[in-house]
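In: Next one to model:
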Amino acid sequence: MSVDIAVPPPPSLANDEEKLLAHVRALLPLLADLARADVLICLRENNQLRICAHARPHSIAPAYERLRVGETMTRESDPFVYEALDAHRVVRRIRDVPSEGAPVLREVFPLHCAEKHAFGAMVIDTNLLEVERMRRRNRAFQQVVRDLKEMAMRGELHGAGDVSPFAEFDGLIYADDAAVIRYMSGVATNLYRNIGYSETLIGKPLTFLETSDAKLFDRAVAENRVIERTLDERGREWIKKAIPIFETDALLWLHRGTRLAGVLIAVHDDTEARERKRQLEIKTTMIKEVHHRVKNDLQTVAALLRMQSRRMQTEEARGALGEAVNRILSIAVIHEFLSAQDSRIINIRDIAGRILNQMQSGVLDPNREIKLRLHGPNIFLTARQATSCALVINELLQNALEHGYDQRTRGGTISLSFQDLGDRVELRVHDDGRGLPENFDLNQVDSLGLRIVRMLVTDDLKGTIEMVSDNGVSAIVNFPKIPLGGDEAWNEQE
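Out: The predicted model follows:
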């Protein structure tokens, strides 16, 4: 079921009309689900009618493929609506317009306050197949639906906008004004059989049930509003809604009062869904804890390697251990993000910012005055791609720092930029240092860092990399996005 209310009411409406419109509008989702029909509200605007709200049922195919909010209704295309407004009465007609799908039963209810002229209409379009199904249903339920439609027209039902939508497998129970059960849907019958009521419950009072149904009945009547409760009963978890129903007056435009007809109770067994949610929360917590421990372990390993590097006698050994530390910390950043959020989707720009900060504080000699810059939009990747991307960024930054500037260089800028190309991502690391040597061939280079980059980009990210001299050197990586949540499909392609 979906509702779209995008067109505000015209300013010409009086306060009482705006109040009625708000009540009718709040009831649309509930009415669309119970009547199994599309429900629209149209308002007078500049000598025509404009649709300001449209609710569609979620348990059956809607009468219209698209939401019609904002469209106009003319006398030529929608004569029944104008007939209802002109005659000031409810109109029911078969509407057969092949260009808009299957024929429907159109019911038009004029909206007005007291003796005023109608300022708009509530239109209910029901597929003829669903009309035939309704005719075969219990007469008590048919009357409930009729009463609900006319209650909606009068804006009498309060609290409808505060309850959750109906689910496809909700059971329905209707009890009359004496709280005696007069109707139970097949789904409701099966739900109550599951908790021990194998006999027929039609004709029995709600108090016969050892459930909260009778209390919900009394509460809905006392408050004259829709009531929703989440309950634990008979070892099951339920979501129940109670809707007070009032009898219809044949002379609707002269209506002055209502008499309680009964209460419709919707019953939803939410046990399995809540158990799945609990299990998912437990699993998510455990996964986050694993990521937290992995992050701590990686940081411990990095600390041990730092200690080891201080004991190295050669600059080459210390440099190799320093590079290993940065690689480990780049992976640790990913696990730190995953331990702090529920999603497996990571903003790679945040990761890049953390890597730049680590390098600025832990690798760069402040006396060299080399600046690191980050540009580009937020780009969200799967955890797998983000891990590979983090390693690529770390290696390219290390390469730019090592080969772009010698130890005597003072000043310089290394920039990392992202570009979102829709189904692809481009990242570029540019340094303004010395350019590439002559006859440079990335495939023949002997640098361990660049070999790691080439392997990650081509084998893991399924992308391409090139390095060009451009007032320094630019390393350009381009790779396709894995659809969010699509790591499994990516694995099957390998």
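
In: My read is that Arg306 contacts Val325, right?
Out: Yes - with contact defined as CB atoms under 8 Å, Arg306 and Val325 form a contacting pair (5.9 Å). Backbone N, C-alpha and C define where each C-beta goes, glycine included.

In: These two: which has the busier surroundings?
Out: Val325 (21 against 15; other CB atoms under 10 Å).

In: in a strand, that's where the more buried one is, yeah?
Out: No - counting by DSSP: H, G, I helix; E, B strand; the rest coil, Val325 is not part of a strand but helix.

In: Would you enumerate the residues in contact with it?
Out: 302, 305-306, 309 (CB atoms under 8 Å, 6 or more residues apart in numbering).

In: So which of those residues belong to helices?
Out: 302, 305-306, 309 (DSSP state H).

In: What segments of this structure are helices?
Out: Using DSSP H, helices in the chain cover 15-35, 79-87, 128-135, 139-154, 186-193, 213-223, 271-310, 315-340, 348-362, 383-404, 448-455, 487-493.

In: Looking at the ones in helices among the contacts of Val325, state which has the most neighbours.
Out: Most surrounded of these: other CB under 10 Å gives Ala302, at 20 neighbours.

In: Give me whichever of the helices of the chain is most buried.
Out: Stretch with highest mean neighbour count among those: helix 383-404 (a mean of 22; mean count of other CB atoms under 10 Å).

In: Remind me what that helix packs against, helices and strands.
Out: On a contact count with 3 or more CB pairs under 8 Å, 6 or more residues apart in numbering; DSSP states H and E, helix 383-404 meets helix 315-340, strand 345-347, helix 348-362, strand 412-420, strand 424-431, helix 448-455, strand 473-480, helix 487-493.

In: Could you rerun that using 7 Å?
Out: Under the contact definition 3 or more CB pairs under 7 Å, 6 or more residues apart in numbering; DSSP states H and E, helix 383-404 sits against helix 315-340, helix 348-362, strand 412-420, strand 424-431, helix 448-455, strand 473-480.

In: hmm, back to that, as TSV, the contacts of Val325 with pLDDT and distance to His88 would be great.
Out: TSV is the format used below for those (pLDDT from 0 to 100; distance: CB to CB, whole Å):
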residue	pLDDT	distance to His88
Ala302	76	80
Leu305	79	85
Arg306	74	85
Ser309	77	89
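
In: who's in contact with Ala175?
Out: 181-182, 206, 217, 262-263 (CB atoms under 7 Å, 6 or more residues apart in numbering).

In: In strands only, show me these.
Out: Counting by DSSP state E, the contacts of Ala175 place 181-182, 262-263 in strands.

In: of all the contacts of Ala175, which two lie farthest apart?
Out: Within these, Arg182 and Phe217 form the most distant pair, 12.6 Å apart (CB to CB).

In: Tell me which residues touch the nearest residue to Arg424 once chain neighbours are set aside, please.
Out: Spatial nearest neighbour of Arg424, excluding adjacent residues (CB to CB, 6 or more residues apart in numbering): Pro480 at 5.2 Å. Counting by CB under 7 Å, 6+ apart, Pro480 makes contact with 423-424, 462-463.

In: would TSV of those residues with distance to Ala222 and pLDDT be doable?
Out: Output for the contacts of Pro480, formatted as TSV (distance: CB to CB, whole Å; pLDDT from 0 to 100):
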residue	distance to Ala222	pLDDT
Asp423	57	90
Arg424	61	93
Lys462	64	91
Gly463	66	92
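
In: quick revisit: out of the helices and strands packed on helix 383-404, the one nearest Leu31 is which?
Out: That would be strand 412-420 among these, by CB to CB, at 42.6 Å.

In: Tell me the buried residues in that closest one?
Out: 412, 414-418 (16 or more other CB atoms under 10 Å).

In: any idea which of the residues you listed is closest to Gln444?
Out: Nearest member of those to Gln444, counting by CB to CB, is Ile414, at 24.3 Å.

In: which residues touch that closest one?
Out: Ile414 touches 370, 372, 397, 400-401, 429, 431, counting by CB under 7 Å, 6+ apart.

In: Between which two of these is the distance greatest?
Out: Maximum distance among the contacts of Ile414 (CB to CB): 13.3 Å, for Ile370 and Val429.

In: check contacts around the spatially closest residue to Phe109 that is not a sequence neighbour.
Out: The shortest distance from Phe109 to any non-neighbouring residue, by CB to CB, 6+ apart, is to Met153 (3.9 Å). Met153 is in contact with 109, 111, 122, counting by CB under 7 Å, 6+ apart.

In: Okay, and the beta partners of the first one?
Out: In this case it means Phe109. Note on Phe109: beta-bridge partners by DSSP bridges are Met122.

In: what about it, distance to Leu67?
Out: 20 Å (CB to CB, to the nearest Å).

In: and the two? which has more neighbours close in?
Out: Phe109 (24 against 20).

In: tell me the contacts of that one?
Out: So Phe109 contacts 90, 121-122, 149-150, 153 (CB under 7 Å, 6+ apart).

In: and which of these is nearest to Asn357?
Out: Met122 (58.7 Å).

In: Let me see the contact set for that closest one.
Out: Met122 touches 24, 39, 41, 109, 111, 152-153, counting by CB under 7 Å, 6+ apart.

In: Pull the most distant pair out of those.
Out: Val39 and Leu111 (12.5 Å).

In: Can you pick out the residue with more neighbours from the two?
Out: Ranked by neighbour count (other CB under 10 Å), Val39 and Leu111 place Val39 first, with 30 against 22.

In: Reformat the contacts of Phe109 as TSV; add distance to Lys277 and pLDDT.
Out: Output for the contacts of Phe109, formatted as TSV (distance: CB to CB, whole Å; pLDDT from 0 to 100):
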residue	distance to Lys277	pLDDT
Val90	44	92
Ala121	41	94
Met122	36	95
Lys149	35	92
Glu150	39	87
Met153	38	90
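
In: In the residues you listed, find the pair that's most separated.
Out: Maximum distance among the contacts of Phe109 (CB to CB): 13.2 Å, for Ala121 and Glu150.

In: Give me the neighbour count for the spatially closest residue to Asp218 that is not a sequence neighbour.
Out: Closest residue to Asp218 apart from its sequence neighbours, by CB to CB, 6+ apart: Ala179 at 8.0 Å. Per other CB under 10 Å, the neighbour tally for Ala179 reads 17.

In: and if you look at Arg259?
Out: 9.

In: Now do the residue of the chain most remote from its centre against Ser330, distance only.
Out: Within the chain, Gln313 marks the point farthest from the mean C-alpha position, 57.6 Å out by CA atoms, centre = their mean. Using CB to CB, we find Gln313 at a distance of 27 Å from Ser330.

In: per-residue pLDDT, Leu157?
Out: Predicted confidence (pLDDT) for Leu157: 82.

In: quick one: which of the contacts of Met153 is nearest Arg135?
Out: Closest to Arg135, out of all of these and judged by CB to CB, is Phe109, at 20.1 Å.

In: buried set for stretch 55-63?
Out: Result for stretch 55-63 [16+ other CB under 10 Å]: buried residues 55-58, 60, 62-63.

In: Can you name the residues that contact the nearest residue to His375 once chain neighbours are set aside?
Out: Using CB to CB, 6+ apart and skipping the chain neighbours, the partner closest in space to His375 is Ser417 (4.1 Å). Contact partners of Ser417, counting by CB under 7 Å, 6+ apart, are 375-376, 428.

In: Pull up the gap between Ser417 and Ala152, please.
Out: Applying CB to CB to Ser417 and Ala152 gives a distance of 56 Å.
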